[in-house]
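J.: quick check, what structure comes out for this input:
(2 chains)
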Amino acid sequence: MLSIEHIRENPDEVRAALKTRGEDDSITEVLELDTAIRATITERDNLNAERNRVSKELGQARSQGQEVSEEARAQMREIGNQADALNEKTKEMGNRMGELMLTLPNLPQSGVPVGEDETGSIIIRQNGEPPVMDFEPKPHWDLGEELGIIDFERGTKLAGSRFYNLVDYGPKLERALISFMLDLHTNDHGYTEISLPAVVKREIMEGSGNLPKFADNLYHDDEDDLWLIPTAEVPITNLYRDEIIPANTLPLKYVAQTPCFRRERASAGRDTRGIKRVHQFNKVEMYQFVEPETSNDELDKLVDHAEDVCRKLGFTYRVLALCTGDMGFASSKTYDIEVWAAGCQEWLEVSSCSNCTDFQARRSNIRYRSEEGGRPRIPHTLNGSGLALPRVMIAIIENYQQPDGSVVIPEVLRPYTGFDVIPAKKATI
RNA sequence: GGAGAGAUGGCUGAGUGGACGAAAGCGCCGGUCUCGAAAACCGGUAUGGGGGCAACCUCAUCGUGGGUUCAAAUCCCACUCUCUCCGCCA
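T.: Numbering: from 1, shown residues only, chains lettered A, B, ... in the order given. All right, here's what the predicted structure looks like:
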C-alpha cells in the first residue's frame, strides 16, 4: 500500500510514477475521497466531543441527585444520531478508499529503467559465457526421462498438465540442492531458517500484495477460505503482521524452503514442455525486514547471496535490472538472475530479488521501534529466491550432461547427494 | 467432532453503567544517591486518526461486529480466536 500522506502531498509525482507501470490515473478518486473523509471526520469528532462533554455533565448532575430531563436526553440522542450517520458515511468512504489503495502497485524507485514489458529490462552484468559443447546437448525433458528421474506422464495422470514426478536420482538431487542452499544462506549469509504453512488466510495474501488483484493465479480452498502460497514470501511477510518489532532487532533475515503453487492461468500455452513452468514446485526463499535507510544496500547484498548459489554451482548467469513495466506489483526495484541452460538453449529466471520498500509492511501493519525512540516506523521488506528448484535442476541436468548421457554432479553438491554422477541408463519403467 | 474455560496496555492482572485510556505489580526510559554499579527513592512510559508553527486540543481503540443507553471495558446478541479435557489421527 502506498502512503496516503505521500499521495496527498505529491499527487503529480505519484501519477507520473504509476504511469510508468502502466497504471492509468487511479489516484484522482483517492484524492477526492481523502479530502471528503477528513472533512467528515472533523465534523463527526466535533459532535462526539459535544456528546462526551454533555454526557459527562449529565452524569455529574445525576450523581448530585438531580434529574436528567427528557429534553436534554432527546437533544443528546439527536446529536448521537447525527454523529452515527457521519460515522457511517466515513466508514463507507473508508472502505472504498481501502479498495482503491489495495489495487495501487508500489512506486518504482528513480533509476529503475522505464519500459512497458520485459524487452525494457537491462542486463547489468554477466558471469561467464554459454559454453560451447562438443556434442549436441539434450533438453531436460528428453534427458530427464531417459535418466528415469522425471516422469511427466504419470505426474499428469495424478494432477493434470504441468505436474510431474521426480524419481530415483531426481528427488535426491532436489533434496541435496535444498540442503545445500539452506546451509549456505544460514551459515555464510546470516539468515535464520524457518519452516512455514503452505496455506494462508485471505488477509495474509492481501498483506503480501497477491490479493485482491491476482486471485487468478492462486489455488484456493473454498471451504475454509485458505489460499495455497505461490511463494514463501507470502507467509514471511506476515510473520510480524500487526506487531511493533522491538528496537535493535532489525535486520531480520529469514530463509525458507516451501512448496509453491501457481495456477499460471495468464501463461497458458507458454513453456509447456519440461519443468520450467509448473503448477507446483519447491523454492528456497530469502527475506529481510530492514531499516528503510539500508534497504537498497541490503538488496544488493541479497542479490549477491543468490548469485553466490549460482557461482558455487558453476552456472553461467546474468543479472537483469527489471524495467517499470516488468516488475512485480509490490516491488520498487527488482533484479532478476537468469542461468544459462545448455539443452534448451535458454536463459532461465532462477531468482527475482526485490526491494518492496514499505509497501508490504504498510499493508500488513508491521512497524518497528527505532533506537532513537519516538513513533514506531515502517520497515522495508526485501525478498529474493535463493533459488527456485526446478530451473536449477534443469540447469544442472542440461549443463552437466556428458556425451554418454550421464550427468556429473557439481563438486559442492556431492557431500549432499552422496553420489558423483547420475548414471546413464534406459528407464526400465 | 463433543464438553468446559477464557480474551483488558510490552507482560501479569484489577475493574459496582457515569470522574476509566483504564488500579496495582513487573518490565522499560530518565533522574537522585554512588568512584561506578546494585538496592532504594522520585518522575515518565499504548496505538491510530483529525486540527494546530507550537505548547496543546480533540476523536477512536479493553478479541471482532452489531444492539440497548444521554453515557458501555462493564448490560444484550452474533461471530472469531486461544486454552483444558474427551474422541479420532500422521
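
J.: looking at chain A, which residue is nearest RNA strand B?
T.: Closest residue of chain A to RNA strand B, C-beta to the nearest atom of the strand: A:Gly59 (2.6 Å). Where you see a C-beta, it was placed from the backbone N, CA and C, and this is true even at glycine.

J.: mind listing what's buried along whichever strand or helix holds that residue?
T.: Using DSSP states H and E, A:Gly59 sits within helix A:28-63. By neighbour count with 16 or more other C-beta atoms under 10 Å, helix A:28-63 contains the buried residues A:Val30, A:Leu33, A:Asp34, A:Ile37, A:Thr40, A:Ile41, A:Arg44, A:Leu47, A:Asn48, A:Arg51, A:Leu58.

J.: in TSV, list those residues along with pLDDT.
T.: Shown next, in TSV, are the buried residues of helix A:28-63 (pLDDT from 0 to 100):
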residue	pLDDT
A:Val30	92
A:Leu33	91
A:Asp34	92
A:Ile37	91
A:Thr40	91
A:Ile41	91
A:Arg44	92
A:Leu47	92
A:Asn48	91
A:Arg51	90
A:Leu58	85
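
J.: show me how chain A divides into domains.
T.: Annotated domains of chain A cover A:28-102, A:118-422 [automatic domain parsing].

J.: how far does the last one sit from the chain's center?
T.: A distance of 10 Å separates the C-alpha centroid of domain A:118-422 from that of its chain, computed with C-alpha atoms, centre = their mean, to the nearest Å.

J.: likewise for the first one?
T.: Distance of domain A:28-102 from its chain centroid, counting by C-alpha atoms, centre = their mean, is 40 Å.

J.: just to revisit the earlier point, any idea which of the buried residues of helix A:28-63 is closest to A:Thr258?
T.: Nearest to A:Thr258 among the buried residues of helix A:28-63: A:Val30, at 34.6 Å, using C-beta to C-beta.

J.: returning to that earlier point: who does the helix holding A:Gly59 touch, helix- and strand-wise?
T.: Secondary-structure packing of helix A:28-63 (3 or more C-beta pairs under 8 Å, 6 or more residues apart in numbering; DSSP states H and E): helix A:4-9, helix A:70-103.

J.: show me the one of those helices that comes nearest A:Thr192.
T.: helix A:70-103 (30.0 Å).

J.: now do the buried residues in the closest one.
T.: A:Met76, A:Gln82, A:Ala83, A:Leu86, A:Asn87, A:Lys89, A:Thr90, A:Met93, A:Met97, A:Met101.

J.: what's the closest of the helices and strands packed on helix A:28-63 to A:Phe419?
T.: Nearest to A:Phe419, of all the helices and strands packed on helix A:28-63, is helix A:70-103, at 49.3 Å by C-beta to C-beta.

J.: report the angle between the helix holding A:Gly59 and helix A:70-103.
T.: Computed by axes from the mean of the first three to the mean of the last three C-alpha atoms, to 10 degrees, the angle separating helix A:28-63 from helix A:70-103 equals 150 degrees.
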